[in-house]
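Enquirer: Got a sequence here, can you build the structure:
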Amino acid sequence: MNQHPAMYAGGVCALFLQSLHPGPMAAVAQHDQYQSDPWGRLQRISNHIAITTYAPEPMVERQFALVRTVHERVSGLDRRGAPYRADDPELLRWVHDAETWSFLTAHQRWSATPLSGAEADEYVRQAALGGQRLGATGLPLTVAELEQQLEDFRPQLWCTPDALEVVEFLTHRAPLPALARPGYRMVIAGGRALLPGWARQMLELPDDPRTVRRDARLGRIATRMVGWALVGSDGEHDRPMRAPQGAAG
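Expert: The predicted model follows:
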């Protein structure tokens, strides 16, 4: 899978950012097993991205159909008492926008070969194709549209106790072997550093410039470490960046 190593921190940023919408956060808190089986969830997300980005079309469509079927069964009430459905096009759009922005920002910040403006717009357009196949509507097709949509979502966002629990679990309680913990902490730090300042404040994360610079430095180191590991295996991170085709949720 030829994702740039910065995508690991981008994935953490996406999870933190997505948690700020009460609807998708309630779906995760009420229907997901991210605490009892965090690596199983990570594997499912990784498989979705790999299949929908690189597999032959029949396999891609089967994967999208599987995710759509799962979404159809997920519904309930969020912390505000408002009903939600995982297949709601508006909620899917938020999950998609947060993921696309996070991955793109990670690549632009830490890749040795950031995308040009036109290439970044093409990345957003490609990502929208997968989001549409999951049922999202009104997706952005340019970086400017993506950033505007994130801004437009802000009045709907709320840092619920469930969102704080996700941050606490991923930051401090994820079950890890001792040897993996230092690298994992650096990836988490990188994900925090990528977040917009307003999101860090909502999630009660340190937002002073010194801490943000430290987190960014750790994230950059983690990206290089992963890059060296990939070079040692197949060097795939040197290939062009491609857009994941839709968030698995």
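
Enquirer: The host helix or strand of residue 108: how far from the chain's middle?
Expert: Per DSSP states H and E, residue 108 falls inside helix 89-110. Taking C-alpha atoms, centre = their mean, to the nearest Å, one finds helix 89-110 lying 6 Å from the centre of the chain it belongs to.

Enquirer: Could you do stretch 145-161 as well?
Expert: For stretch 145-161, the separation from the chain centroid amounts to 15 Å (computed by C-alpha atoms, centre = their mean).

Enquirer: Check stretch 167-184 too.
Expert: 18 Å.

Enquirer: And for stretch 159-170?
Expert: 15 Å.

Enquirer: Secondary structure class of residue 206, three-state.
Expert: Put simply, residue 206 is coil when judged by DSSP: H, G, I helix; E, B strand; the rest coil.

Enquirer: so who does it touch?
Expert: 200, 212 (C-beta atoms under 8 Å, 6 or more residues apart in numbering). Heads up, the C-betas are built off the backbone N, CA and C, glycines and all.

Enquirer: I'd like the distance between it and residue 115.
Expert: 29 Å (C-beta to C-beta, to the nearest Å).

Enquirer: now swap in residue 194 and tell me
Expert: Residue 194 sits 16 Å away from residue 115, going by C-beta to C-beta.

Enquirer: More neighbours: which of those two?
Expert: Comparing residue 194 with residue 115 by other C-beta atoms under 10 Å, the one with more neighbours is residue 194, at 29 against 17.

Enquirer: show me what contacts the more buried one?
Expert: Applying C-beta under 8 Å, 6+ apart to residue 194 gives the contacts 9, 10, 13, 102, 105, 106, 109, 219.

Enquirer: so where's the chain uncertain?
Expert: Residue ranges of the chain with pLDDT under 70: 1-5, 33-46, 226-249.

Enquirer: Leaving out sequence neighbours, find the closest residue to residue 83.
Expert: The spatially closest residue to residue 83, leaving aside those adjacent along the chain, is residue 77, at 5.8 Å (C-beta to C-beta, 6 or more residues apart in numbering).

Enquirer: Isn't that neighbour up against residue 27?
Expert: No - shown here, residue 77 and residue 27 do not form a contact pair, counting by C-beta atoms under 8 Å, at 10.8 Å.

Enquirer: joint contacts of those two?
Expert: By C-beta under 8 Å, 6+ apart, the residues touching both residue 77 and residue 27 are residue 84.

Enquirer: okay, these two: which has more neighbours?
Expert: residue 27 (23 against 13).

Enquirer: quick one, the host helix or strand of that one and helix 89-110 angle?
Expert: Taking DSSP H and E as the criterion, the element that holds residue 27 is helix 22-31. With axes from the mean of the first three to the mean of the last three C-alpha atoms, to 10 degrees applied, the angle from helix 22-31 to helix 89-110 works out at 100 degrees.
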